[in-house]
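Trainee: what follows is a predicted structure for the sequence shown.
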Amino acid sequence: MAMKVTFVRFDALRKISLQTVEERDNPGPGEALVKCDFSGVSAGTETANLLGLPNTSGKFPWCPGYSSSGHVVRVGEGVTDLEPGTRVLVTWAGHRSHFIRPAKQLVRVPDDVEQLDASFAHIASFPFLGVRRLRLEIGESAMVIGMGILGLFACQIARLSGAVPVIVSDLSPTRRALALKLGCDYALSPAECDLAQRVKELIGGKGVDGIVEVTGKSVAMLQALKCVAEQGRISLLGCTRISDTPIDYYQDVHRRGVSLIGAHTMTRPKTESRPGAWTERDDYAAFFKLVAAGRLQVRPLVSEIAPPERAPELYTRLIEESDPPVGLAFDWREA
């Protein structure tokens, strides 16, 4: 039997479409058919691919999206730990209405976590890794540069890790205000002050112990180097697309003993967590526990929930507006 499957596709530079095709609806041995409920948009990665920037896939057509929640429709032979109706997290599968995936790749969503929140679990796992890589000690200072959805998760995670104060930096007054509502101590604009000088004033004259750089912009990396303390750590969470700002590595890194730590999700362990680097599944579990306990907030980060038919409009806004929406989710329940 066949079913109609709808998905978002980037056809060429700045060209977005919603496609519908027929695919099999019968999961094979060890597989499960999942109907999507929500998929979270990772704006930075997805728009970078839409614009064909360096260090992206560089290929079209390309299907964006890698963090979704849904429910099992049916399972194939040999699947015993899932049943129809089971709510699951689906990763690395695109923005689409249905998935047939190996059952072992699906992650059960706990009863006390709602589907919309669950759809951001994989996106949130990236800032979990970025903050863990800093190995923050209780009472150390932390800074997050860039208040997109990853940065807004990262500042909450840094606070949960015991960092005091937690400072954020972003050009958008709306995003800075949101960071303060989420519990950050100071929210600064690099356009309105000497960022490094202001940061040092807030911390009593020294630099920041641990910084998460989320933007991937080389100018922000230079700012991080000016703000970090002697022998401080900088976690590189954002994916650098264009390296166009000169950095004096002798003066800013080598002589000061600064640690630059790569935090790409592909560097995390596959099977066993260790201090500073957990597996994806262990970070999903941490996300679910913190959300259920009310200690990590998702809903304030979600600017808009929209049907997939609006995908062309929403991606156009993300690449053209000076202060675009922070968090977007596609609602697939009627698809």
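Mentor: Yep, it's here.

Trainee: quick check: which ranges of this structure have low pLDDT?
Mentor: For the chain, no stretch has pLDDT under 70.

Trainee: the stretch 1-150 of the chain: helices as residue ranges?
Mentor: Secondary structure of the stretch 1-150 of the chain (DSSP state H, counting those that start in this stretch): helices at 43-50, 115-118, 121-132, 149-160.

Trainee: okay, those in JSON lines with distance to residue 298 and mean neighbour count next?
Mentor: All C-beta atoms are positioned from the backbone trio N, CA, C, and that covers glycine. Converted to JSON lines, the helices of the stretch 1-150 of the chain look like this (distance: least, CB to CB, whole Å; neighbours: other CB atoms under 10 Å):
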{"stretch": "helix 43-50", "distance to residue 298": "15", "mean neighbour count": "21"}
{"stretch": "helix 115-118", "distance to residue 298": "4", "mean neighbour count": "22"}
{"stretch": "helix 121-132", "distance to residue 298": "8", "mean neighbour count": "26"}
{"stretch": "helix 149-160", "distance to residue 298": "8", "mean neighbour count": "27"}
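
Trainee: reformat the ones you listed as CSV; add distance to residue 246.
Mentor: Listed next are these as CSV, based on distance: least, CB to CB, whole Å:
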stretch, distance to residue 246
helix 43-50, 22
helix 115-118, 42
helix 121-132, 25
helix 149-160, 25
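
Trainee: relative to residue 96, which of those is closest?
Mentor: helix 43-50 (13.9 Å; CB to CB).

Trainee: could you check how far that closest one is from the centre of its chain?
Mentor: 12 Å (CA atoms, centre = their mean, to the nearest Å).

Trainee: helices or strands up against it?
Mentor: Packing partners of helix 43-50 (3 or more CB pairs under 8 Å, 6 or more residues apart in numbering; DSSP states H and E): helix 311-320.

Trainee: who does the helix it packs on touch, helix- and strand-wise?
Mentor: strand 15-24, helix 43-50, strand 327-331.

Trainee: what angle sits between the second one and helix 149-160?
Mentor: Here helix 43-50 runs at an angle of 150 degrees relative to helix 149-160 (axes from the mean of the first three to the mean of the last three CA atoms, to 10 degrees).

Trainee: ok, and what's touching helix 43-50?
Mentor: Residues from elsewhere that reach helix 43-50 (CB atoms under 8 Å, 6 or more residues apart in numbering): 10, 13-14, 16, 55-57, 62, 64-65, 148-150, 216, 238-239, 241, 315, 318-319, 324-328.

Trainee: what does the first one give?
Mentor: With contact meaning CB under 8 Å, 6+ apart, strand 15-24 is reached by 1-11, 50, 60, 98, 100, 308-309, 311-312, 315-316.

Trainee: so among those residues, which ones count as buried?
Mentor: 3, 5-10, 50, 98, 100, 308, 311, 315 (16 or more other CB atoms under 10 Å).
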